[in-house]
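Visitor: mind folding the following:
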Amino acid sequence: MNHQAFLKTELQKAAKTALSYFGKVTPTTKPGDNNQVLTEADLAIGKQLVAAVQATYPDHNVIDEEAGAIDKNSRYTWVIDPIEATANFASGTPDWGIMIGLLDGSTPIAGGIVAPMHHKLYLAAKDQGTTCNDQPVHATDETNLLKTMVSFSLGGHQDDPEQTRRECRLLGEILLKVRNMRNTDCEAVDTMYVASGSYGGRINMTSKIWDNVAPQIICEEAGAKWTSVDGSPIDYSNPASKIKQNYAFCVASPALHEQLTRITKQYA
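Guide: Residues are numbered from 1 along each chain as shown. Predicted structure coming up:
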């Protein structure tokens, strides 16, 4: 199956829809989590992409951040983030994107990410490499963490202030061992800087399945390693049951990943 052609077509359509809403939305926050922003664009794009999957792959499962899980007992599951970094989108800043990943069982096998304001479309499929705007990209070959920039996602946890303090301590430990720290707080941008070699790595202590599947296969096919922050493989088994699970991940080129997880596993 030519998943990349499907991903490219539908992400380009979704990008046009997103741009038609950009700068015109009224954001709300999801109940119980002030960090989670929702707009009418998330809902419209989610419906558009779910409909596209169901029309092309009617027997496949679908997970959409807003709609939840549609479980058809298939080995294949499409995982959709209709607007990644909705808070950025709603604020009128450029660091947001749209992400679609495909699981075969618990293994990511294809993924696409479009960052419309950056004019970038990333595609990957298992054993076929990663492209950005149809050109191959690769994670950095640098092996010295002190010579690289690393991205770290940091958000407040009003329900668990100590978690925020732990993450800040981890941030400090990493800062002491890298050249610089950067963060757009958008997996459609920050992880793609890892895939294209601009960043050495990216750590996110609070994410969901739709934040992981598409960027994981894109980064892996670009030569990076993607695991939980303790270095163990990400568990996507029975994905429909994982929509509320937190994923704390670390992605980096292999040599840098080993150095980063020595630090992050202490805070896992």
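
Visitor: can we go C-alpha only for contacts and neighbour counts from here?
Guide: Fine.

Visitor: dump the residue contacts of the closest residue to residue 245 other than its chain neighbours.
Guide: In space, and not counting its chain neighbours, residue 245 is closest to residue 208: 6.4 Å by CA to CA, 6 or more residues apart in numbering. Counting by CA atoms under 8 Å, 6 or more residues apart in numbering, residue 208 makes contact with 243, 244, 245, 246, 247.

Visitor: again, only this time at 10 Å
Guide: 65, 81, 242, 243, 244, 245, 246, 247, 248 (CA atoms under 10 Å, 6 or more residues apart in numbering).

Visitor: ok, now residue 195?
Guide: Counted by CA under 10 Å, 6+ apart, residue 195 has contacts 122, 130-132, 137-140, 189, 201, 215-225, 251-253.

Visitor: from residue 25, how far off is residue 90?
Guide: 6 Å (CA to CA, to the nearest Å).

Visitor: show me where the stretch 51-200 of the chain has strands.
Guide: Remark: strands assigned in the stretch 51-200 of the chain by DSSP state E, counting those that start in this stretch are 61-64, 68-70, 76-84, 97-104, 107-115, 120-125, 130-132, 135-136, 149-153, 180-182.

Visitor: which residues does residue 151 bridge with?
Guide: On the basis of DSSP bridges, residue 151 is bridged to residue 182, residue 202.

Visitor: for it, which residues are in contact?
Guide: Residue 151 touches 171, 174-175, 180-185, 190-191, 193-194, 199-204, 250-251, counting by CA under 10 Å, 6+ apart.

Visitor: cool, and residue 126?
Guide: 107, 108, 109, 110, 111, 217, 218, 220, 221.

Visitor: if we can go back for a sec, could you provide the strands of the stretch 51-200 of the chain in JSON lines, with additional columns for distance to residue 37 and mean pLDDT?
Guide: Below are the strands of the stretch 51-200 of the chain laid out as JSON lines (distance: least, CA to CA, whole Å; pLDDT from 0 to 100):
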{"stretch": "strand 61-64", "distance to residue 37": "15", "mean pLDDT": "98"}
{"stretch": "strand 68-70", "distance to residue 37": "16", "mean pLDDT": "96"}
{"stretch": "strand 76-84", "distance to residue 37": "10", "mean pLDDT": "98"}
{"stretch": "strand 97-104", "distance to residue 37": "14", "mean pLDDT": "98"}
{"stretch": "strand 107-115", "distance to residue 37": "18", "mean pLDDT": "98"}
{"stretch": "strand 120-125", "distance to residue 37": "24", "mean pLDDT": "98"}
{"stretch": "strand 130-132", "distance to residue 37": "28", "mean pLDDT": "98"}
{"stretch": "strand 135-136", "distance to residue 37": "33", "mean pLDDT": "98"}
{"stretch": "strand 149-153", "distance to residue 37": "16", "mean pLDDT": "97"}
{"stretch": "strand 180-182", "distance to residue 37": "22", "mean pLDDT": "94"}
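
Visitor: so which of the contacts of residue 208 wins on neighbours?
Guide: residue 81 (29 neighbours; other CA atoms under 10 Å).

Visitor: closest one to residue 258 among the strands of the stretch 51-200 of the chain?
Guide: strand 149-153 (13.7 Å; CA to CA).

Visitor: so how far is stretch 215-234 off the chain centroid?
Guide: Stretch 215-234 sits 11 Å away from the centroid of its parent chain (CA atoms, centre = their mean, to the nearest Å).

Visitor: in that stretch, which residues are buried?
Guide: Buried residues in stretch 215-234, counted by 16 or more other CA atoms under 10 Å: 215-231, 234.

Visitor: out of these, list just those in strands.
Guide: 225, 226, 227, 228 (DSSP state E).

Visitor: so how far is residue 192 from the second one?
Guide: Going back to what we said before, that points to residue 226. 12 Å.

Visitor: let me see the contact set for residue 107.
Guide: Contacts of residue 107 (CA under 10 Å, 6+ apart): 76, 77, 126, 213, 216, 217, 234, 235, 236, 237.
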